[in-house]
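Student: Here is a sequence with its predicted model. Questions after.
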Amino acid sequence: MNIAILSRNPKLYSTIRLKQAGEARGHKVEIIDHMKCVLFIEKKKPVVLYQGRRLDYFDAIIPRIGASVTFYGAAVVRQFEMMKVFTAIESQALIRSRDKLRSLQILSRAGLDLPKTIFMDYSRDTEGIVEAVGGAPVVIKLLEGTQGLGVVLAENEKAAQSVIEAFHGLHARIIVQEFIKEARGIDIRAFIVDGEVVGAMRRQATRDGEFRSNLHRGGVATVVKLTRAEKSAALKAAKKMGLGVAGVDLLPSNRGPLIIEVNSSPGLEGIEGATKVDIAGKIFHYLEKNALKKKIQKDRINA
């Protein structure tokens, strides 16, 4: 098959691994910078142009869209969808997952356990906000933050007030969440492909005073076997978000696993390093099954 990886950086581990895995399985794989794509829109003739070429020969795409370019990246994915190209991440699911508030609302409606969360429109009622999520310390997050950036632990109400006021002064949208003390700087990433958990790792914060376990923040990853509750929660979260490929992050708590995020472009380096599982190969198996099915349907329509 002809497969495109939509990525702005061909040197990223995840991009390289996906290209290697696809080529090892006999596919022709190209890395396409989605921000350099031009979308030509005409009645029933959607086309993606790239460096003077028409990208009308791909059987499937793997979007690796950064959070800062979600709008245009999702538009490119949508254009390929209109061209009947199978995508590992659907455009609507990509947009949905990148909106942290919307994601939490969807997961809450689905009955999944989450940390208590407050979203407000520049409210000055800091005391009421902190009390609503169980009191200090509290976690304050930028809605647009990624990889642990824009996440602050406020140890007391005064610190929370200062952080909230600072973010509001920058006209930044935030959420305030309860701090899960018993997690002790640990979270769990479950990697899901096509409705199955294909790998899971425990991430541990290692720096003194650091509560964020993100690998980009110096966290350490080790392989972990999910409990039945953790596996069930992760699979349900990915399904409700409409994601065929997802990284679901959970916090262990006294009331069971809590979903903190569902990532539509999860990195491969940490999970493959911890589990020694060929996650990239699993993604291509998912593509092969679904792209072939879509191709057969398309041929029947054109016959």
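Tutor: Structure's in. What do you need?

Student: Can you show me the strands along the stretch 51-200 of the chain?
Tutor: 53-54, 60-63, 86-87, 117-119, 138-142, 151-154, 174-178, 186-193, 196-204 (DSSP state E, counting those that start in this stretch).

Student: Ok, which of those strands comes nearest His285?
Tutor: Nearest of the strands of the stretch 51-200 of the chain to His285, taken as CB to CB: strand 186-193 at 7.9 Å. For the C-beta atoms, the positions are set from N, CA and C on the backbone; glycine is no exception.

Student: now that closest one: how far from the chain's centre is it?
Tutor: Here strand 186-193 is found 11 Å from its chain centre; the criterion is CA atoms, centre = their mean, to the nearest Å.

Student: Nearest spatial neighbour of Gly273, chain-adjacent residues omitted?
Tutor: Distances taken as CB to CB, 6 or more residues apart in numbering place Ala221 nearest to Gly273, at 6.7 Å, with adjacent residues excluded.

Student: Export the strands of the stretch 51-200 of the chain as JSON lines, with columns for mean pLDDT.
Tutor: Putting the strands of the stretch 51-200 of the chain into JSON lines (pLDDT from 0 to 100) gives the following:
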{"stretch": "strand 53-54", "mean pLDDT": "96"}
{"stretch": "strand 60-63", "mean pLDDT": "98"}
{"stretch": "strand 86-87", "mean pLDDT": "96"}
{"stretch": "strand 117-119", "mean pLDDT": "92"}
{"stretch": "strand 138-142", "mean pLDDT": "91"}
{"stretch": "strand 151-154", "mean pLDDT": "90"}
{"stretch": "strand 174-178", "mean pLDDT": "92"}
{"stretch": "strand 186-193", "mean pLDDT": "96"}
{"stretch": "strand 196-204", "mean pLDDT": "95"}
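
Student: which stretch among the ones you listed comes nearest Gly26?
Tutor: Ranking the strands of the stretch 51-200 of the chain by distance to Gly26, with CB to CB as the measure, places strand 60-63 first at 13.8 Å.

Student: Put the alpha carbons of that closest one into CSV.
Tutor: What follows is strand 60-63, C-alpha atoms only, in CSV (Å, rounded to 0.1, in the frame of the first residue of the first chain):
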residue,chain,number,x,y,z
ALA,A,60,-4.0,5.3,4.2
ILE,A,61,-2.6,8.1,6.3
ILE,A,62,-1.1,8.2,9.9
PRO,A,63,-1.6,11.7,11.3
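
Student: Give the partner strands of it in its sheet and their orientations.
Tutor: As defined by DSSP bridges, the strand partners of strand 60-63 come to strand 2-6 (parallel), strand 86-87 (parallel).

Student: closest to Arg184 out of those strands?
Tutor: For the strands paired with strand 60-63, the distance to Arg184 is smallest for strand 2-6, at 36.9 Å, taking CB to CB.

Student: The closest one: what's the following helix or strand?
Tutor: helix 13-24 (DSSP states H and E).
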